[in-house]
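> Predicted model follows, preceded by the sequence.
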Amino acid sequence: MNENSCSFHNEKELRDGQVESVSAGCPPPCDEDNSALLAFRGIPISELKNHGILQALTAEVNGWEPAVMNTEVLRAQEEWEAVDSIQPETGSRASSDQPGQLISFSEALQHFQTVDLSSFKKRIQPTIRRTGLAALRHCLFGPPKLHQGLREERDLVLSIAQCGLDSQDPMHGRVLQTIYKKLTGSKFDCALHGDHWEDLGFQGTNPATDLRGAGFLALLHLLYLVMDSKTLLMAQEIFRLSRHHIQQFPFCLMSVNITRITIQALREECLSRECNRQQKVIPVVNSFYAAAFLRLAHVWRTQHKTISDSGFVLRDLEVLAKKSPRRLLKTLEIYLAGVSKGQASLLGARKCAGPQAPPSKDLTFTGVCDLPPHSSEGTWLI
């Protein structure tokens, strides 16, 4: 570095009065490419930017121009350019007051256990009303009634199913963000409204419009599925199947329909025996939901079902699930045991081989609420 260059930097430091002098005089001759960097190695990058020294080091100054650009200077300059280019998010409100923080199922459930749900509880119908021969048959041959001590927990589940999605509630936003990040692998928050929700299998840009008949319980079920290390693998496999170029289906919308089936099974007391045995309701409901989704994915994959079969697959699933809930739960136990040993794959050895396709907006999906009732007990009404 020549004397002109050295005096330029020393004069600039003394004029601004914010950076200590790095040298009493010019350094002894050294490698021209590194001398400028060594002189300012102890100065924070922010000060280098404020004083324009990065620009001075990379541009011609008093006739001096380095032959080769130093890699550390380039990297520092690129970092500052990246910081300058970051813009605040516009459009829909961000998901939470703590961006990037995932929420666990237990934390979300605790929220509902502490808030006032009395207005929603007034609207629930805990059990199916039966009359005539149907009531007599259920009394003689039906499942046992739920133990008295478990009915409050059952009512909590049904009350959550009456709650809608509130995009202004930070907890609701965190649930959505967690589901999105776990399924897509994204590390960044996304808008609560937008086309990206269609990629996950919602019908529109606002997930709230697809929760009919299941309410926020549908999102809690998805949260349970993606936040457990064992069921997360299952969720990711089903999600890949839903994007198959031939067998694709709307993942989240299918999940909402399985939540509806779970609600009906709970109200019809199909889960009472298992709840009484475990002395719990919410874990049984969660496992039943996951087992039903596992069964649907297996049938969908092995029987080569397509979106046109959705209504019939869901109807058959509901019949099986209500008739043999213990069998369904046992299948899930076997699968999860295999996952813990690294052996399970619900989609078989090929793991849904075939190209992936983005979800089509032209798919016609038939859910359980869209099918005609097939019995006098109105099991399709939720």
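Looks like it came in fine. It should be emphasised that the depicted structure is a prediction, and the values quoted were computed from it without experimental measurement.

> okay, CA-based contacts and neighbour counts for the rest of this
OK.

> Tell me which residues of the lengthiest helix in the chain come out buried.
Assignment by DSSP state H gives helix 282-302 as the longest helix of the chain. Across helix 282-302, burial judged by 16 or more other C-alpha atoms under 10 Å covers 282, 284-298, 300-301.

> what sits up against it?
Outside helix 282-302, the residues that touch it by C-alpha atoms under 8 Å, 6 or more residues apart in numbering are 153-154, 157, 221, 224-225, 231, 234, 238, 241, 247, 255, 258-259, 262, 266, 271, 274-275, 278, 305-306, 313-314, 317, 321, 325, 328-329, 331-332, 346-347, 352.

> try 7 Å this time
Contact partners of helix 282-302, identified using C-alpha atoms under 7 Å, 6 or more residues apart in numbering, comprise 221, 238, 258-259, 262, 275, 317, 321, 328-329, 332, 346-347.

> From those, keep the buried residues only.
221, 238, 258-259, 262, 275, 317, 321, 328-329, 332, 346-347.

> In TSV, list the residues you listed along with pLDDT and distance to Phe202.
Below are the buried ones among the contacts of helix 282-302 laid out as TSV (pLDDT from 0 to 100; distance: C-alpha to C-alpha, whole Å):
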residue	pLDDT	distance to Phe202
His221	97	15
Ile238	95	15
Ile258	97	14
Thr259	97	15
Thr262	97	19
Cys275	96	31
Leu317	96	21
Ala321	94	24
Leu328	94	26
Leu329	95	27
Leu332	94	25
Leu346	57	23
Leu347	57	23
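
> Next, format the residues you listed as TSV and append secondary structure.
Output for those, formatted as TSV (DSSP: H, G, I helix; E, B strand; the rest coil):
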residue	secondary structure
His221	helix
Ile238	helix
Ile258	helix
Thr259	helix
Thr262	helix
Cys275	helix
Leu317	helix
Ala321	helix
Leu328	helix
Leu329	helix
Leu332	helix
Leu346	coil
Leu347	coil
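
> Mind picking the two most distant members of the residues you listed?
The largest separation in those, counting by C-alpha to C-alpha, is between Cys275 and Leu347 at 29.1 Å.

> separation between Val115 and Leu102?
Separation of Val115 from Leu102 (C-alpha to C-alpha, to the nearest Å): 20 Å.

> The two - which one has more neighbours?
The neighbour comparison of Val115 against Leu102 (other C-alpha atoms under 10 Å) goes to Leu102, with 16 against 8.

> Chain neighbours aside, what residue packs nearest to that one?
The spatial neighbour of Leu102 that comes closest, neighbours along the chain excluded (C-alpha to C-alpha, 6 or more residues apart in numbering), is Thr178 at 5.2 Å.

> SS state for the one you found?
Thr178 ends up helix, using three-state DSSP.

> That one and Lys330, how far apart?
28 Å.

> Tell me which of those two has more neighbours.
Looking at Thr178 and Lys330 with other C-alpha under 10 Å, you find the greater number of neighbours at Thr178, namely 24 against 14.

> just checking, the more buried one touches Phe105?
No - the pair Thr178 / Phe105 is not scored as a contact, 10.2 Å apart, by C-alpha atoms under 7 Å.

> can you list the weak-confidence ranges in the stretch 1-150 of the chain?
Scanning the stretch 1-150 of the chain for pLDDT under 70 picks out 1-100, 130-131, 134-142.

> can you tell me which residues contact Leu220?
Shown in contact with Leu220 (C-alpha under 7 Å, 6+ apart): Phe105.

> Please give the element, helix or strand, for it.
Per DSSP states H and E, Leu220 falls inside helix 216-227.

> same thing with Leu156?
Here Leu156 is assigned to helix 151-160, by DSSP H and E.

> Give me the contacts around that helix.
By C-alpha under 7 Å, 6+ apart, the residues outside helix 151-160 that reach it are Leu117, Phe120, Lys121, Ile124, Pro126, Gly215, Phe216, Leu217, Val281.

> go on, stretch 248-256?
Stretch 248-256 is contacted from outside by 200-202, 210-211, 214, 218, 239, 241-243, 306-307, 359, using C-alpha under 7 Å, 6+ apart.
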